[in-house]
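[1] Need a 3D model of the sequence below.
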Amino acid sequence: MPASECVECGRGLGPAAGTGRPRRYCSRACRSRAYRRRRDEGRREQRRREQGRTGGARRLGPPPGPAATERHHLVEVAVGLADAAGVRAVTLRTVADRAGVPLTEVRRLLGGRDRLVEAMVQHLMAGPRAGPARPDGGDPAATLRALAQAEWAAYRRHPWLVQVLASSRPPLVPAVLDAARTGVEAFVALGVGPPSALGRYVALSGYVQGMALLLLAEHDEARSATSYPAWWVRELDRLERTGARRRHGWLDAATGGAPPGAFGSDVETWFRDGLDRVLAGLVSLPPAGEP
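    Prediction:
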């Protein structure tokens, strides 16, 4: 049940807005007060950890401070907002409202919106689920496949991400540069010259991003009242009425005469089938004398 009282001062919250996240604070003042309290508690906890360390313990590095922890939390809030409403819905103000943090503090921790989006990309592309960039065995072709599959998996989890990365000027955060370096080095290991290696890596990533645009389109279409199978049923009926279905017999041959199933399973099959063929062409060595 949504809270009926402010979690900071105990006053009534008044009638609910009916949409969005349930209110927790009665005013911006209470929200700011709660944020400062959490920040101060984080600082005290850090001091306790510092004081409680034994002299013989090996220190692997300082624990993240309150600012780093809060910044990480804000980036996660921004990713969740983009997952729910698209990356265009992500602004410093919407993140501040969603996180219950003053806008001035969000600006101090994250800078501008471009910096926020860069942090979101780094968070997703370098996270624990990003996938291995260099599989065991040192096989360059296997490395390229792993790179493509890891990028595809990121787009499947976060369809909006392709809007940010499918660009002639993508955010060159460390995770993006590391992936590009790994891809270029893999092509060079196959015997391709560095300039051509970069072009082949861009072509491989471009294939992944092109397929991911289908994920983004279906993600947006799924918000409508018509499902993917229902859309196919409607379109096949229309083509039947107009005679186009008879003129295009390949449609029934390709679909087995029935509407396709879930879009996700279809696009996964298309991606993996196409990836095999794209990789086969990209890893082939050029004729002697060509770069």
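[2] residues touching the residue lying farthest from the centre of the chain, list them.
    For the chain, the largest distance from the centre (C-alpha atoms, centre = their mean) belongs to Gly243, which lies 42.3 Å off. Contacts for Gly243 were tallied using C-beta atoms under 8 Å, 6 or more residues apart in numbering; there are none. For the C-beta atoms, the positions are set from N, CA and C on the backbone; glycine is no exception.
[3] Now do the phi/psi pair for it.
    In terms of degrees, to the nearest 10, the main-chain angles of Gly243 are phi 90, psi 0.
[4] how close does it get to Thr94?
    50 Å (C-beta to C-beta, to the nearest Å).
[5] Please apply the same query to Glu151.
    27 Å.
[6] and these two? which has more neighbours close in?
    Glu151 (25 against 15; other C-beta atoms under 10 Å).
[7] Would you map the helices across the chain?
    Along the chain, the segments classed as helices by DSSP state H run 28-52, 66-85, 92-99, 103-110, 113-125, 140-157, 161-165, 174-189, 194-221, 228-242, 244-247, 250-255, 263-282.
[8] Is it correct that Met125 is in contact with Leu177?
    No. Met125 lies out of contact with Leu177 (C-beta atoms under 8 Å); the separation is 10.1 Å.
[9] between those two, who's got more neighbours?
    For Met125 versus Leu177, neighbours defined as other C-beta under 10 Å are more numerous around Met125 (21 against 10).
[10] Excluding chain neighbours, give the residue nearest to the more buried one in space.
    Leaving aside its chain neighbours, Met125 sits nearest to Ala175 (3.7 Å; criterion: C-beta to C-beta, 6 or more residues apart in numbering).
[11] same deal with Leu109?
    Leu109 sits nearest to Arg71 (C-beta to C-beta, 6+ apart), 4.6 Å away.
[12] Tell me, how many residues neighbour the one you found?
    Using other C-beta under 10 Å, Arg71 has 18 other residues around it.
[13] Check Gly193 too.
    Quick note: Gly193 (other C-beta under 10 Å) scores 13 neighbours.
[14] Map the structural domains onto the sequence of the protein.
    1-48, 63-125, 140-223+261-282 (automatic domain parsing).
[15] weakest of the ones you listed by average pLDDT?
    Lowest mean pLDDT within the domains of the chain: domain 1-48, a mean of 67.
[16] if we can go back for a sec, what about the residue farthest from the centre of the chain, distance to Glu235?
    Shown here: Gly243 relative to Glu235, a distance of 14 Å by C-beta to C-beta.
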